[in-house]
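[1] coords below, sequence missing:
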């Protein structure tokens, strides 16, 4: 579930990019990409800029791979 200023229709396909905290350092994040489908939408307010709550089902998620030189360093340390 996420908040949006855009009103999506139920069953709309979505492409999402979001930032997940890294395992070792909480102040950094890993950008991830996902394909999803909007399931339900609720209008939360009627202000000048409406906000909607969107419930979505993620169909596919991609986590970026670390650079090759990072992997070589990890393998060499073993």
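    Yep, that arrived. Quick caveat: nothing in here was measured; it's all calculated off a predicted structure.
[2] tell me the mean pLDDT for stretch 50-70?
    Here stretch 50-70 scores 82 as its mean pLDDT.
[3] how about it: buried residues?
    Buried residues in stretch 50-70, counted by 16 or more other Cβ atoms under 10 Å: 52, 54, 56. From N, CA and C alone the C-beta is placed, and that goes for glycine too.
[4] quick one: the first one and residue 43 touch, right?
    Yes. Residue 52 lies in contact with residue 43 (Cβ atoms under 8 Å); the separation is 5.6 Å.
[5] between these two, what contacts are shared?
    residue 7 (Cβ atoms under 8 Å, 6 or more residues apart in numbering).
[6] all strands of the chain, in order?
    2-4, 13-21, 29-43, 52-62 (DSSP state E).
[7] list the contacts of the shortest one.
    The reference is to strand 2-4. Under Cβ under 8 Å, 6+ apart, the answer for strand 2-4 is 16, 44, 51, 52, 53, 54, 56.
[8] now stretch 28-47, how far from the centre of its chain.
    8 Å (Cα atoms, centre = their mean, to the nearest Å).
[9] what does stretch 41-51 give?
    21 Å.
[10] can you point out the buried residues in it?
    So for stretch 41-51, counting by 16+ other Cβ under 10 Å, buried means residue 41.
[11] now stretch 5-14
    Neighbour-count burial for stretch 5-14 flags 8, 14 (criterion: 16+ other Cβ under 10 Å).
[12] and the end-to-end length of it?
    For stretch 5-14, the first-to-last residue distance is 14 Å (Cα to Cα, to the nearest Å).
[13] what pLDDT, on average, does that stretch get?
    Rounded mean pLDDT across stretch 5-14 is 93.
[14] quick one: it to chain centroid distance?
    The answer for stretch 5-14 is 15 Å, by Cα atoms, centre = their mean.
[15] so what's the residue nearest the centre of the chain up against?
    In the chain, the residue lying closest to the centroid (Cα atoms, centre = their mean) is residue 18, at 3.1 Å. Contacts for residue 18 (Cβ under 8 Å, 6+ apart) come out as 31, 32, 34.
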